[in-house]
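K.L.:
My questions are about this predicted structure, shown below with the sequence.
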Amino acid sequence: MTSYNESARSLPIIDRVDVLVAGGGPAGCAAALAAARCGARTMIVEAHPVLGGIATSGMMSHWSGGTFSPMANEFQAACHAIHWPVEDGFKAERHAINHEKLKLVLFNKLDEAGVIIRTHTFCAQVIQEGNTIKGVIIESKSGREAVLASVVIDATGDGDLAAKANVPFRKGRESDERMQPVTLMFKIAGVDYKTAIFPGSFESLVQVPKGEIQDLARKILPKPAGHTLLYRSTQNGHVVVNMTNLIDIDGTSAADLTKAEIETRRQIPKIIDFLREYAPGYENCYLLASAECVGVRETRHFEAGYVLNEIDILEARVFDDWIATKNLFNFDIHNLDGAGLDKDGVQRHFRSKGHYTIPYRSCVPKEVDYLLLAGRNIAGTHKAHSNFRVMPICANIGQGIGVAAALSVRHGIAPRNVDPKDIQVILKEQGVEP
Ligand SMILES: Cc1cc2nc3c(=O)[nH]c(=O)nc-3n(C[C@H](O)[C@H](O)[C@H](O)COP(=O)(O)OP(=O)(O)OC[C@H]3O[C@@H](n4cnc5c(N)ncnc54)[C@H](O)[C@@H]3O)c2cc1C
């Protein structure tokens, strides 16, 4: 027997909402908040126990880039406003993430806005009639349940629901569908901040007593690990480490993800030994915690009304139908064959004309109605995606798409028929600068 036919069954419809957001990462949280603030009855469904996605469950170091993001700023300001006794007056960098604060802030923000929050719950399937999405089938400890929704926003990072709805997609880069490497983030303690080095990019070359730190990592760490990326945390002596590395992992395959959890975890002790021996300030460092899940950089790229490309980013294009503005970052393509930066990535030498916008069309999938894309799974090229995948930009996209979904409900029209100018009016009221 090679397949098993599951018998059909009736599912309880546990709710009927205006907007259902699948995935509670930076994009999903921003989308849910924006939709709820526009008056839409909104539910967010997140597979992990907490909200935040890679920012929290993935133990991310910092909000990257020169993007202006009202939602990311709001989350950061709320985190900074919390004072916990353990902080002993240590002044953290503004964009560094305190994961525990962020988990609390996101729950509070969404709850206060009236968003119905469901964590520990996986979005398993779309409820679809022809090309129209009518809701989502969710699965959890409570069993398999249905939620009906006027509009569904897929902010799962991987576009799980868009894939279920048969929106056409390609994985990874155009030439061979290979995807960026994955990384299990972890945090170490016992670092002497007064002497410690913090190489924050592949191109940060730091001379240490036994050589240059990137060169040493390339030679000494077990492949495909082999670069040094260390970030100041929000607590004295703690450092967030972005150094495990595994290539050729498909983040939409549970078998691959399991392999990645095991292999990257095996790299951690070797990375810590390396830091203790070669990195000044890290002589007494030790493992504090690792992320809840391996971080996946890239998976599916969907077909939509417009595929955002690298020229749009370099030229700082202002689209008439913008739903996200003031986005700025470099092309952060990690080496698909090993450690370090890919030959197509551009960090220090990245030159663009300035902030770019993201068009609504890139978030409206082909062929399927009442479904919108938000976050790293919008339509873009492999190279453009390496830029817009960072969290402040994903939060900007989420905000725009949350407003679009709420307007679709308010006007009783399909999301693809919502006038982008109407979205822009509300975004400006919500603090987005054109
Ligand atoms: C290792 C690594 C390092 C990075 N470093 C940085 C950095 O320093 N700064 C920066 O700004 N960005 C960084 N990024 C990029 C950034 O973290 C992500 O691209 C960004 O979080 C994407 O946001 P998102 O909301 O689209 O998706 P995610 O953050 O991936 O959130 C998606 C959410 O959806 C949930 N989900 C997935 N499938 C389902 C489902 N079927 N049902 C229910 N829930 C589901 C997930 O559990 C998750 O919570 C890094 C990424 C990685 C992987």
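P.N.:
Alright, I've got the coordinates. Numbers count the residues shown, from 1 in each chain.
K.L.:
Can you list the residue ranges for strands in the stretch 1-150 of the chain?
P.N.:
Listed in chain order, the strands found in the stretch 1-150 of the chain under DSSP state E, counting those that start in this stretch are 13-22, 42-45, 116-118, 122-129, 132-140, 143-154.
K.L.:
Most tightly packed of those?
P.N.:
strand 42-45 (a mean of 28; mean count of other C-beta atoms under 10 Å). No exception for glycine: its C-beta is placed from N, CA and C like everyone else's.
K.L.:
Check this structure for me, the residue farthest from its geometric middle.
P.N.:
residue 1 (39.0 Å; C-alpha atoms, centre = their mean).
K.L.:
and that one, how far is that from residue 273?
P.N.:
Distance of residue 1 to residue 273, computed by C-beta to C-beta, to the nearest Å: 48 Å.
K.L.:
can you check residue 317 too?
P.N.:
Residue 317 is 47 Å from residue 273, by C-beta to C-beta.
K.L.:
neighbour count winner among those two?
P.N.:
residue 317 (16 against 12; other C-beta atoms under 10 Å).
K.L.:
doesn't residue 356 make contact with that one?
P.N.:
Yes - using C-beta atoms under 8 Å, residue 317 is in contact with residue 356, at 5.8 Å.
K.L.:
Flag every residue of the stretch 1-150 of the chain that's near the ligand.
P.N.:
22-28, 45-48, 53-55, 57-58, 60-64, 122-123 (C-beta under 6 Å from any ligand atom).
K.L.:
from those residues, which ones fall inside helices?
P.N.:
Among those, DSSP state H puts 26-28 in helices.
K.L.:
And those, which is closest to residue 195?
P.N.:
residue 26 (33.4 Å; C-beta to C-beta).
K.L.:
The closest one against residue 397, yeah?
P.N.:
No - using C-beta under 8 Å, residue 26 is not in contact with residue 397; the gap is 9.1 Å.
K.L.:
who has more neighbours, the two?
P.N.:
residue 26 (36 against 29).
K.L.:
How far away from the center of its chain is the host helix or strand of residue 423?
P.N.:
Taking DSSP states H and E as the definition, one finds residue 423 inside helix 420-429. How far helix 420-429 lies from its chain's middle: 24 Å, per C-alpha atoms, centre = their mean, to the nearest Å.
K.L.:
picking that back up, who's in contact with the residue farthest from the centre of the chain?
P.N.:
For residue 1, the contact set (C-beta atoms under 8 Å, 6 or more residues apart in numbering) is empty.
K.L.:
Report pLDDT for it.
P.N.:
pLDDT recorded at residue 1 is 88.
K.L.:
Distance check, it against residue 255.
P.N.:
20 Å.
K.L.:
Kindly check the end-to-end length of stretch 345-358 for me.
P.N.:
20 Å (C-alpha to C-alpha, to the nearest Å).
K.L.:
now do stretch 207-219
P.N.:
Start-to-end, stretch 207-219 (C-alpha to C-alpha) is 15 Å.
K.L.:
pLDDT of it, averaged?
P.N.:
97.
K.L.:
now what about it, what contacts it?
P.N.:
Contacts for stretch 207-219 (C-beta under 8 Å, 6+ apart): 197, 199, 202, 204-206, 225-228, 243, 274, 277-280, 339-340.
K.L.:
ok, of the residues you listed, which come out buried?
P.N.:
197, 199, 202, 204, 206, 225-228, 243, 274, 278-279, 339-340 (16 or more other C-beta atoms under 10 Å).
K.L.:
Columns mean pLDDT on top of the strands of the stretch 1-150 of the chain, output as JSON lines?
P.N.:
As requested, the strands of the stretch 1-150 of the chain are exported to JSON lines (pLDDT from 0 to 100):
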{"stretch": "strand 13-22", "mean pLDDT": "98"}
{"stretch": "strand 42-45", "mean pLDDT": "98"}
{"stretch": "strand 116-118", "mean pLDDT": "98"}
{"stretch": "strand 122-129", "mean pLDDT": "98"}
{"stretch": "strand 132-140", "mean pLDDT": "98"}
{"stretch": "strand 143-154", "mean pLDDT": "98"}
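K.L.:
a markdown table please, covering these and showing distance to residue 289.
P.N.:
Converted to a markdown table, these look like this (distance: least, C-beta to C-beta, whole Å):
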| stretch | distance to residue 289 |
| --- | --- |
| strand 13-22 | 27 |
| strand 42-45 | 25 |
| strand 116-118 | 24 |
| strand 122-129 | 24 |
| strand 132-140 | 25 |
| strand 143-154 | 30 |
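K.L.:
Tell me the helices and strands packed up against the helix holding residue 423.
P.N.:
If contacts are counted by 3 or more C-beta pairs under 8 Å, 6 or more residues apart in numbering; DSSP states H and E, helix 420-429 sits against strand 322-327, helix 391-411.
K.L.:
For the stretch 201-350 of the chain, what lies in contact range of the ligand?
P.N.:
242, 295-297.
K.L.:
Spatially, which two of those residues are the most separated?
P.N.:
Across these (C-beta to C-beta), the longest gap, 13.7 Å, separates 242 and 296.
K.L.:
higher neighbour count, the two?
P.N.:
Neighbour totals were compared for residue 242 and residue 296, and residue 296 leads with 23 against 20 (other C-beta under 10 Å).
K.L.:
So for that one, what pLDDT did the model give?
P.N.:
Predicted confidence (pLDDT) for residue 296: 98.
K.L.:
residue boundaries of the strands in the stretch 201-350 of the chain?
P.N.:
Under DSSP E, counting those that start in this stretch, the stretch 201-350 of the chain gives strands at 207-208, 211-212, 230-232, 239-241, 286-290, 300-302, 322-327.
K.L.:
Distance of residue 199 relative to residue 247?
P.N.:
Counting by C-beta to C-beta - residue 199 and residue 247 are separated by 21 Å.
K.L.:
do the same with residue 344
P.N.:
Counting by C-beta to C-beta - residue 344 and residue 247 are separated by 15 Å.
K.L.:
which of these two has more neighbours?
P.N.:
residue 247 (17 against 14).
K.L.:
Wait, residue 17 touches residue 44, no?
P.N.:
No - at 9.9 Å, residue 17 and residue 44 do not qualify as touching, with contact defined as C-beta under 8 Å.
K.L.:
Spatially nearest residue to the residue in the stretch 51-200 of the chain positioned nearest to the ligand, not counting backbone neighbours?
P.N.:
Residue nearest to the ligand within the stretch 51-200 of the chain (C-beta to the nearest ligand atom): residue 53, separated by 2.5 Å. Leaving out its chain neighbours, the residue that sits closest to residue 53 by C-beta to C-beta, 6 or more residues apart in numbering is residue 25, at 2.3 Å.
K.L.:
so who does the one you found touch?
P.N.:
52-55, 155, 157, 375, 391, 394.
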